[in-house]
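Novice: Starting from these lines, generate the structure:
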Amino acid sequence: MRNIKLTLEYDGFRYNGFIQPPKKGNKTTVSGKITDVLSRMESADTVANTATNTTADTATDLPIDFPTDLSTGFSALFCGERTAPGVHALQQTVNFKTDSALSVGEIRTYLNHYLPQDIVVSEAVETADRFHAELNARSRTYEYRIICSAFPDVFFRKYAHFLSQHLDIAAMDHAAGLLTGKHDFAAFSSGKTKNLPYVNFIPLILRPQTFLPITNLTGKKSGFT
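Specialist: The predicted model follows:
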């Protein structure tokens, strides 16, 4: 089977995170949407044959090379970060294995055609068989946006936390400095990893915007399992 790596961006506002936790009921997740589309993929030869036999009356709303009644086996979808409900992503890395003969370009086109508009595949590449998006993640970068204003912002309500008070940027910079460096997070580790559960924090960057009442807090870290 081929190992395919995807780079995603998505608006997580209406999703219950990237992956649905066990025993949490049937809720909509980003991975669920992607899995639904991947389950319809088939080999390039089948796609070509089906497209050849498709009449204009039955393909009016679809690209000719991508019929909807396809099915193929593929492995589980692995992600670099399990984003929480409502969290967005600019460069989420995922991978899966498939028997499909479609090129990576065709896979990306197929996914972007059938996925909802708030999920986009920006890149698709074939990668090494042993690559695993979660286990091989080198770092994870998080950005938190805070709007400091007397009243909520209508247009940024999905993308920033509203705060009616002003932030003490100097105090926050000092506190962020205390996190910089390696720290032992054994208490948060599952205990399944053979590596020491140390997390390396890159200094947090606080960037108050000059044209909007938004403060961006950006942090980068290594991970543990």
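Novice: Now do the contacts for residue 31.
Specialist: 18-20, 77, 79, 94 (Cβ atoms under 8 Å, 6 or more residues apart in numbering). C-betas here are computed from N, CA, C, even on glycine.
Novice: Now the residue nearest to residue 134 when sequence neighbours are not counted, what are its backbone angles?
Specialist: Nearest residue to residue 134 in three dimensions, chain neighbours excluded: residue 78, at 5.3 Å (Cβ to Cβ, 6 or more residues apart in numbering). For residue 78, the backbone dihedrals (degrees, to the nearest 10) come out as phi -110, psi 140.
Novice: Count the neighbours of residue 78 for me.
Specialist: Residues within reach of residue 78, counting by other Cβ atoms under 10 Å, total 19.
Novice: Relative to residue 133, how far out is it?
Specialist: Here the criterion is Cβ to Cβ, to the nearest Å. By it, residue 78 lies 5 Å from residue 133.
Novice: residues shared between the contacts of the two?
Specialist: Contact criterion Cβ under 8 Å, 6+ apart; residues shared by residue 78 and residue 133: 94-95.
Novice: Pretty sure the residue nearest to residue 134 sits against residue 132.
Specialist: Yes: contact criterion Cβ atoms under 8 Å: residue 78 and residue 132 qualify, at 5.7 Å.
Novice: shared neighbours, these two?
Specialist: Contacts common to residue 78 and residue 132, judged by Cβ under 8 Å, 6+ apart, are residue 95.
Novice: quick one, domains of this structure?
Specialist: 2-127, 140-221 (automatic domain parsing).
Novice: where in the chain is pLDDT low?
Specialist: For the chain, applying pLDDT under 70 flags the ranges 21-26, 42-75, 185, 188-214, 221-225.
Novice: Let me see the ranges of the strands in this structure.
Specialist: Remark: strands assigned in the chain by DSSP state E are 2-10, 78-79, 89-98, 119-127, 140-148, 161-163, 181-184, 198-208, 214-221.
Novice: got those strands as CSV, with distance to residue 104 columns?
Specialist: Converted to CSV, the strands of the chain look like this (distance: least, Cβ to Cβ, whole Å):
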stretch, distance to residue 104
strand 2-10, 7
strand 78-79, 17
strand 89-98, 11
strand 119-127, 4
strand 140-148, 24
strand 161-163, 37
strand 181-184, 37
strand 198-208, 31
strand 214-221, 28
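Novice: Mind checking the ones you listed for the one nearest to residue 33?
Specialist: Nearest of those to residue 33, taken as Cβ to Cβ: strand 119-127 at 5.9 Å.
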